[in-house]
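Visitor: With the sequence up front, the predicted model follows.
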Amino acid sequence: MRRTPLYDYHVQQGARIVDFAGWDMPLLYAGIVEEHLHTRRIGSVFDVSHMGRIEFRGSDAEALLQKVCTRQLHDAQVGQSRYSHVCDENGGILDDVIVSRYDDYWFMVCNACNHDRIVAWLQQHASGKDIEIKDVTESTLMIAIQGPAVLPKLAPKLPFPLNELKRYRFTSGTFMMTPYSVFRSGYTGEDGVEVILPASIGPLLIGAVAGLAQGEDALKPAGLGARDTLRMEAGMPLYGHELTEETDSLSAGLAWCVDLKKDFIGAARLREVAKNGSKRKLVGLELTGKRIARQGAPICSGSRAVGTVTSGTMSPTLGKSIAMAYVDSALTSTGQKLGVDLGGKTIDAVVVPIPFYKKP
């Protein structure tokens with residue numbers, strides 16, 4: 001099992017540690033609902049050091065990323081990040097990633113569960129080209145600080161004007177001899193930042209994080225449990241649930257991260273999907289009652305099976321049972337009534353817009 005540079009802090013705070021993609025990670029501290037609501041009300045600190053971090057250098061680095069990523073990247077500006085998918089030849093999603101452009105290199109963040117596969121995929125397609133691929137996952141740490149109070153609390157402490165940093169932009173530099181990158185992005189539906197630092201600064205950062213966690217209006221640590229319920233409310237897909245090799249970007253409702261005018265691995269298949277239409281599409285569902293729809297639960301229209309749940313939870317913010325699911329394309333209009341089979345009992349559900357929650 002791998003451990004992040006903040007592992008000791010999680011243990012000191014009494015976190016429940018679980019195995020997540022081969023990493024010892026905090027599932028929760030005080031409780032999932034409490035951490036979720038604190039993020040929505042004030043803000044929380046998430047250790048996301050388990051996610052893969054990869055650097056690309058060399059004259060062919062941009063061409064490689066253009067080939068493996070669905071998103072148009074050549075016109076990305078220095079200091080800009082773009083969400084993209086990496087697909088196989090059949091258009092199936094191998095991972096969803098964030099690609100960022102620095103002055104003299106490119107940078108990718110991938111999911112922990114796909115780290116080894118994505119690194120191997122990149123190396124395969126970089127063979128014989130002028131590209132240096134450097135995996136910096138274990139030599140760095142990454143935290144996400146998310147919530148409505150984050151920017152006001154952090155801005156006075158940072159060596160640059162944080163409020164001037166736009167969404168999906170980042171800045172990097174050195175402060176007190178420590179290199180840093182700060183990205184204005186996140187996975188919760190709230191405003192905030194994601195910060196990358198050298199792993200060696202972990203012990204010092206533990207003290208800083210602990211200092212932020214004092215008082216009811218302070219930024220507090222939150223675990224993977226709250227991260228999942230927050231991303232669900234925000235309608236953000238999770239690899240292994242909404243995104244898999246058996247799904248495609250267009251059916252997932254993410255056509256905005258695909259440029260079918262450029263050539264990339266899987267483009268031919270996605271052009272076919274665009275031309276012929278998706279057989280099933282990703283939708284949001286609101287269920288009657290308090291039962292939670294688990295991944296794999298069948299969806300029906302009358303006696304006919306019409307889809308499958310990919311994720312479900314009881315929304316702490318909305319107080320409703322919500323889910324995301326792939327459903328036959330003809331049944332995806334808002335207001336469409338469906339049923340979800342939860343252990344032999346069918347629960348009424350209705351198609352609703354994604355995201356379920358929008359920041360006020």
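Guide: Sure, I can see it. Numbering: from 1, shown residues only.
Visitor: okay, now the domains of the protein?
Guide: Following the assignment in automatic domain parsing, the chain carries domains at 2-51+138-233, 52-111, 279-352.
Visitor: Which among those is found nearest to residue 272?
Guide: Between residue 272 and those, the tightest spacing by Cβ to Cβ is seen for domain 52-111, at 8.0 Å. To be clear about C-beta, it is placed using only N, CA and C from the backbone, and glycine gets the same treatment.
Visitor: Could you give the separation between the terminal residues of that closest one?
Guide: For domain 52-111, the first and last residues are 6 Å from each other (Cα to Cα, to the nearest Å).
Visitor: same question, stretch 149-165
Guide: Distance between the two ends of stretch 149-165: 16 Å, counting by Cα to Cα.
Visitor: can you give me the mean pLDDT across it?
Guide: On average, the pLDDT along stretch 149-165 is 91.
Visitor: Checking my notes, residue 299 in a helix, right?
Guide: No - under DSSP: H, G, I helix; E, B strand; the rest coil, residue 299 falls outside any helix and is assigned strand.
Visitor: pretty sure residue 134 contacts residue 54?
Guide: Yes - between residue 134 and residue 54 there is a contact at 7.0 Å, judged by Cβ atoms under 8 Å.
Visitor: Just want to know which of these two has more residues nearby.
Guide: Between residue 134 and residue 54, counted using other Cβ atoms under 10 Å, the more crowded position is residue 54 (20 against 12).
Visitor: With adjacent residues omitted, what lies nearest to the more buried one?
Guide: Setting aside the residues directly before and after it, residue 54 is nearest to residue 108 in space (Cβ to Cβ, 6 or more residues apart in numbering), at 4.6 Å.
Visitor: Now do the same contact list for the one you found.
Guide: Residues in contact with residue 108, defined by Cβ atoms under 8 Å, 6 or more residues apart in numbering, are 52, 53, 54, 56, 65, 97, 98, 99, 100, 118.
Visitor: Residue 240: neighbouring residues, count only.
Guide: Other residues within reach of residue 240 by the criterion other Cβ under 10 Å amount to 14.
Visitor: I'd like to know how far it sits from residue 277.
Guide: Counting by Cβ to Cβ, to the nearest Å, the gap from residue 240 to residue 277 is 25 Å.
Visitor: again, but for residue 360
Guide: Distance check for residue 360 against residue 277: by Cβ to Cβ, it reads 36 Å.
Visitor: Looking at those two, which has the bigger crowd around it?
Guide: residue 277 (11 against 5).
Visitor: Would you mind confirming that the more buried one makes contact with residue 329?
Guide: Yes - judged on Cβ under 8 Å, residue 277 makes contact with residue 329 at a distance of 6.5 Å.
Visitor: Which one of the domains of the chain lies nearest to residue 251?
Guide: Checking these against residue 251 by Cβ to Cβ gives domain 279-352 as the closest, at 5.6 Å.
Visitor: surely residue 239 meets residue 115?
Guide: No - Residue 239 is not in contact with residue 115 according to Cβ under 8 Å; the separation is 11.1 Å.
Visitor: What average pLDDT does stretch 182-193 get?
Guide: For stretch 182-193, the mean confidence score works out to 97.
Visitor: measure it end to end?
Guide: Where stretch 182-193 begins and where it ends lie 6 Å apart, using Cα to Cα.
Visitor: again, but for stretch 157-165
Guide: Criterion Cα to Cα; first-to-last residue distance in stretch 157-165 is 15 Å.
Visitor: And it, what's buried?
Guide: Residues of stretch 157-165 classed as buried under the neighbour-count rule (16 or more other Cβ atoms under 10 Å) are 158, 162, 165.
Visitor: Repeat that for stretch 25-35.
Guide: For stretch 25-35, the neighbour count (16+ other Cβ under 10 Å) marks 25, 26, 27, 28, 29, 30, 32, 35 as buried.
Visitor: Show me the residues you listed that map onto strands.
Guide: Filtering these for membership in strands, criterion DSSP state E, returns 25, 26, 27, 28.
Visitor: chain center to the helix or strand containing residue 144: distance?
Guide: Element membership of residue 144 [criterion: DSSP states H and E] is strand 140-146. Here strand 140-146 is found 13 Å from its chain centre; the criterion is Cα atoms, centre = their mean, to the nearest Å.
Visitor: moving C-terminal of that strand, what's the next helix or strand?
Guide: Tracing the chain C-terminally past strand 140-146 and defining elements by DSSP H and E, one meets helix 150-154 next.
Visitor: buried set for that next one?
Guide: If you call a residue buried by 16+ other Cβ under 10 Å, then helix 150-154 has these buried ones: 150, 151, 153, 154.
Visitor: Nearest the middle, which residue of the protein would you pick?
Guide: To find the centre residue of the chain, average its C-alpha atoms and take the closest one (Cα atoms, centre = their mean): that gives residue 187, at 5.1 Å.
Visitor: quick one, what contacts it?
Guide: Contact partners of residue 187, counting by Cβ under 8 Å, 6+ apart, are 144, 146, 227, 230, 231, 234, 236.
Visitor: Against residue 6, how distant is the closest residue to residue 56 other than its chain neighbours?
Guide: The spatially closest residue to residue 56, leaving aside those adjacent along the chain, is residue 106, at 4.2 Å (Cβ to Cβ, 6+ apart). With distances defined as Cβ to Cβ, the gap from residue 106 to residue 6 amounts to 26 Å.
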